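Asker: show me the folded form of this:
(2 chains)
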There are 2 protein chains.
Amino acid sequence: MPQGVPSPGSIPRDGLTTRQRRNQPVLAVNTGPGKGKSTAAFGMAMRAWNQGFSIGVFQFVKSAKWRVGEEAALRALGDAYVATGAGGPVEWHKMGEGWSWIRKTGDDADHAAAARDGWAEISRRLQSEQHRFYVLDEFTYPLKWGWIDTAEVVETLVNRPGNQHVVITGRDAPAELIEVADLVTEMTKIKHPMDAGRKGQRGIEW
Amino acid sequence: MPQGVPSPGSIPRDGLTTRQRRNQPVLAVNTGPGKGKSTAAFGMAMRAWNQGFSIGVFQFVKSAKWRVGEEAALRALGDAYVATGAGGPVEWHKMGEGWSWIRKTGDDADHAAAARDGWAEISRRLQSEQHRFYVLDEFTYPLKWGWIDTAEVVETLVNRPGNQHVVITGRDAPAELIEVADLVTEMTKIKHPMDAGRKGQRGIEW
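Answerer: Modelled structure (predicted):
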């Protein structure tokens, strides 16, 4: 549905042109106990890809099934960019199998250190404006668990240079993060098939 | 996050194997006033694509910007299927520009009739099991407006043959639809940049 046009009174007197106001960096948080937090973030990545944005996905927390479907699809879109120039480039990094920019293999036993390594790299990339669109998937958990300092994350995000969009997913987003986010959506479970003892469905859950 | 394994007591005594229970048709509804309803549905379509499912997207209601990013990305994935055999085929149909299976051009003045034509086609496809994964985007609105009979939709969905997943998006999903859905998620807006008079962002909103 069209989101509606703000009434003239609500147009900020910030001296920016409409074009400028259409190109402001967004910090989005998808939180809450329901489904669709990550899925919506990866759906947003499709839009970003279509705009030719460089996309960086960073998965925190090792999930049993990861996000094989989204990863395969986004990598295919990255391949399409390389092959045809359509869309933008895509990078996908996972913590639980060892961050791909670090030259080591296998699982990292110290998850807290691995999470900090991941954030340090993201922080560097934000400083150098390496991507235009970042997905920090399940990033709320290392914050919640105290593995990464929320205050430092908030400061880095608020002061990130240029026009870099960041989408953070996960339950229980810290209040300090929500405070500085531009777009916060809570996904609430109304009904879930697993409540009825159903198994996760191929092509739906992964 | 892992969704957790149901406790042994919650495993249904339905005589099905785990494999069979992993391949049950899902009817999902993404509703509520927040962002991410459609975005999450298109994110699910990425998973379905990766499983090699045939995907059919049907957009009800003409949006100012449509979903150009998601459409371009999903079409690129459909192209990847044709070129390399990866994933599955993708079809994308829009009501507001005239359904693409109907040989006519331009805008349809009678939106209610166009919505009914769309549903009739979806109903036929469900009967013939033409797709494995359907997105009925913003389909709640023609139901809410009485353009399409909700009782008939519910009956058709409940009795659809085979293993066809259907995801319906839009605000104010009718109670009868929620009643028969397997997975219902409500997206709630906590904070939105347009509240502060900010413009929709390229690569975020479309």
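
Asker: so A:Glu176 sits against A:Glu155, correct?
Answerer: No. Applying C-beta atoms under 8 Å, one finds A:Glu176 not in contact with A:Glu155, separated by 9.8 Å. Just so you know, the C-beta spots here come from the backbone N, C-alpha and C atoms, and that holds for glycine as well.

Asker: residues contacting the closest residue to A:Gln51 other than its chain neighbours?
Answerer: Of all residues not flanking A:Gln51 in the chain, B:Gly203 sits nearest, at 3.9 Å (C-beta to C-beta, 6 or more residues apart in numbering or on different chains). Shown in contact with B:Gly203 (C-beta atoms under 8 Å, 6 or more residues apart in numbering or on different chains): A:Arg47, A:Ala48, A:Asn50, A:Gln51, A:Phe53, A:Arg132, A:Phe133, A:His165, B:Gly69.

Asker: for those, which one is nearest A:Asp172?
Answerer: Of all these, A:Asp172 sits closest to A:His165, with 22.4 Å by C-beta to C-beta.

Asker: the closest one - how many residues pack around it?
Answerer: Close neighbours of A:His165, defined as other C-beta atoms under 10 Å in any protein chain shown, add up to 28.

Asker: my read: it touches A:Arg132, true?
Answerer: Yes. With contact defined as C-beta under 8 Å, A:His165 reaches A:Arg132; the gap is 6.7 Å.

Asker: pull up the overlap in contacts between those two.
Answerer: Contacts common to A:His165 and A:Arg132, judged by C-beta under 8 Å, 6+ apart, are A:Ala48, A:Phe53, B:Gly203.

Asker: which residues does the residue nearest to the spatial centre of chain A form a beta bridge with?
Answerer: By C-alpha atoms, centre = their mean, chain A has its centre lying nearest to A:Val135, at 2.1 Å. Residues in a beta bridge with A:Val135, per DSSP bridges, are A:Val57, A:Val167.

Asker: what residues are up against it?
Answerer: With C-beta under 8 Å, 6+ apart, A:Val135 has these contacts: A:Ser38, A:Ala41, A:Phe42, A:Met44, A:Ala45, A:Ile55, A:Gly56, A:Val57, A:Phe58, A:Val167, A:Thr169.

Asker: can you give me the strands for chain A?
Answerer: Taking DSSP state E, the strands of chain A run over residues A:27-31, A:55-59, A:90-94, A:133-137, A:165-169, A:183-191.

Asker: using CSV, lay out the ones you listed together with mean pLDDT.
Answerer: Putting the strands of chain A into CSV (pLDDT from 0 to 100) gives the following:
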stretch, mean pLDDT
strand A:27-31, 95
strand A:55-59, 97
strand A:90-94, 95
strand A:133-137, 97
strand A:165-169, 97
strand A:183-191, 87
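
Asker: mind putting these into a markdown table with distance to B:Ala115?
Answerer: Below are those laid out as a markdown table (distance: least, C-beta to C-beta, whole Å):
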| stretch | distance to B:Ala115 |
| --- | --- |
| strand A:27-31 | 30 |
| strand A:55-59 | 35 |
| strand A:90-94 | 36 |
| strand A:133-137 | 34 |
| strand A:165-169 | 32 |
| strand A:183-191 | 25 |
